[in-house]
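Asker: Next input, structure requested:
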Amino acid sequence: MQAERAGLSGDPAIASLFDEQRWRDAYDAEARRRANATRTHTLAGQARTVLEEMRPGRPLAEVTDPFQLEVHRAIDVGDATNLPQLPPYVPREHDRLLRKVVERAASGTSAIAVLVGGSSTGKTRARWEALNLLRDRDEPWRLWHPIDPTRPDAALADLKRVGPYTVVWLNEAQFYLADAALGERVAAGLRELLRDPQRGPVLVLATLWPNHWDTLTTRGNPDNHAQARELLDGHDIRVPDAFTGADLEALIERSDEDPRLHEAAQNATDGRITQYLAGVPVLMGRYTHAPSAAKALIHAAMDARRLGAGPHLPLAFLAAAAPGYLTDSEWELTGPDWLERALDYVTKPCNGIPGILVPVEAGAPRNQRKRRAGTGPTPPSATGQGSLYRLADYLEQHGHRTHAEEIPPIDFWTAASTHAFLTDQAALGYAALDRGLYRDAAQLLKNAAAQGDPHTGAALVSLMRGVHPLTIAPPTGLSLMPS
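Answerer: Residues are numbered from 1 along each chain as shown. This is a model prediction of the structure:
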């Protein structure tokens, strides 16, 4: 009708444009097409979301706790507050090599890096820092740290579902690769993952101690680790045990930025900064939870050091002093082998650093070794102290901080006068004198004076005059010469 009024009814094609129902049908068809397209995109998006959620690991953006990835906690510096989780990081040569591997994965090529070094040398911390290269990228990365129910079981369960842009985090890779039943299957699965272009890029970051590296990469007969050897060979990055040269200088320059780093720089021996940072918390844990007899031995060493003895402490001194730190009930429960068991506990190494007490028999100073041989007048049992031990530096500092106001038990002073080095007895005598322990001070000062130390002799006479002001000579029964 509208076409007739417009004078266009003669042309059927044009006339059809005025057909209202045709327009309605076209509208409905287009609406259905768009709805179907939207549904298809929605379903596709949902499918991608489901697949993403099924992939092992977590979005890297959610991985913010280094301790969940087994980075060692750093030392506690007491009153310091508002410190970051970890001390400042000073990169070294192995960090530069690791960066190249991570950047290769970030550019689209699957890669593997195995950091090889001793305990607590900074292998896991280096990998944690390297993750920053993958954060906030256009294509978000994930991190997979398989541990449950066991590490090799967890790896095998989900290895085939690992997809692109995934970091496979294998801390202490021997647990995954050296397992007698599953290790070779895990290694083969990782090799297949790394060479499958449809699942890349992926990045495998692993750590190993040198002895485990040798076990897994050395061809044996039988060849029990063939798959692991092929996976690892040529991908090791060595992590040194210590900071040296320019690296140590760079660390010292930054040590004022954080009190933990400053303490490590001041106290770590031979540049073993990371071991100090990581091992000390373990030492403190072992000290806190030590059996009573072991803790008594530690407290005796702490008191000896803070009162002037050492650094090398005769075992005879510590063993004779330790019972004084125990209650009667604790002592009754120790048993005849208490010292052997206590020594086993306190000398056990922790996280790549020595234990709470470190044997130093072979390194005793020459003058102490000479005295132990029996030269010169000495108290009867100071002639053969036997083994010597050194208290861990951090525990020594802890003793100074926490025991400063405490007076050691009488067993400590008796043991000191009998077993401590004569060169230490003057300092211990003055410590006893400062604490009003005149009898113990007199004995220790007498022993030191007998070695010809004029200062301790004068102090002893002054003590006698103070205790007996009406007499000049020492009281009966107390001689300046050793008994």
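
Asker: Endpoint to endpoint, stretch 192-212 covers what distance?
Answerer: End-to-end distance of stretch 192-212: 22 Å, with Cα to Cα, to the nearest Å as the criterion.

Asker: what does stretch 417-427 give?
Answerer: Using Cα to Cα, the end-to-end distance of stretch 417-427 comes to 11 Å.

Asker: next one: stretch 164-174
Answerer: Using Cα to Cα, the two ends of stretch 164-174 sit 25 Å apart.

Asker: Does E330 touch A294 like I think?
Answerer: No. Judged on Cβ atoms under 8 Å, E330 makes no contact with A294 at a distance of 11.4 Å. Placement of C-beta: from N, CA and C, glycine included.

Asker: of those two, who's got more company?
Answerer: Neighbour totals were compared for E330 and A294, and A294 leads with 24 against 16 (other Cβ atoms under 10 Å).

Asker: got a list of what that one touches?
Answerer: 341-342, 345-346 (Cβ atoms under 8 Å, 6 or more residues apart in numbering).

Asker: Contacts for stretch 247-266 next, please.
Answerer: The contact list for stretch 247-266, computed with Cβ under 8 Å, 6+ apart, reads 74-75, 77, 80, 83-84, 87-88, 90, 92-93, 242-243, 271, 273, 276-277.

Asker: Restricting to C-alpha, output that stretch in CSV.
Answerer: C-alpha atoms of stretch 247-266 as CSV (Å, rounded to 0.1, in the frame of the first residue of the first chain):
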residue,chain,number,x,y,z
ASP,A,247,80.5,-8.5,45.3
LEU,A,248,81.5,-8.3,48.9
GLU,A,249,82.3,-4.6,48.5
ALA,A,250,78.9,-4.0,47.0
LEU,A,251,77.2,-5.8,49.8
ILE,A,252,79.2,-3.8,52.5
GLU,A,253,78.2,-0.6,50.7
ARG,A,254,74.5,-1.5,51.0
SER,A,255,74.7,-3.0,54.5
ASP,A,256,73.5,0.2,56.2
GLU,A,257,70.2,-0.1,54.3
ASP,A,258,69.0,-2.9,56.6
PRO,A,259,70.1,-3.9,60.1
ARG,A,260,70.0,-7.6,59.2
LEU,A,261,72.4,-7.1,56.3
HIS,A,262,74.6,-4.9,58.5
GLU,A,263,74.8,-7.6,61.2
ALA,A,264,75.6,-10.3,58.6
ALA,A,265,78.3,-8.1,57.0
GLN,A,266,79.8,-7.5,60.5
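
Asker: What residues of it count as buried?
Answerer: Residues of stretch 247-266 classed as buried by neighbour count (16 or more other Cβ atoms under 10 Å): 247-248, 251-252, 254-255, 258-265.

Asker: Now for the residues you listed: which two are most distant?
Answerer: Greatest spatial distance among these (Cβ to Cβ): D247 and P259, at 20.6 Å.

Asker: Now the phi/psi pair for G324, please.
Answerer: For G324, the backbone dihedrals (degrees, to the nearest 10) come out as phi -70, psi -20.

Asker: Quick check: pLDDT value at it.
Answerer: In the prediction, the pLDDT value recorded for G324 is 97.

Asker: what number of residues lie near the residue nearest to it when sequence neighbours are not counted?
Answerer: Spatial nearest neighbour of G324, excluding adjacent residues (Cβ to Cβ, 6 or more residues apart in numbering): D411 at 2.8 Å. For D411, the neighbour count with other Cβ under 10 Å is 17.

Asker: Perfect, I'm done here.
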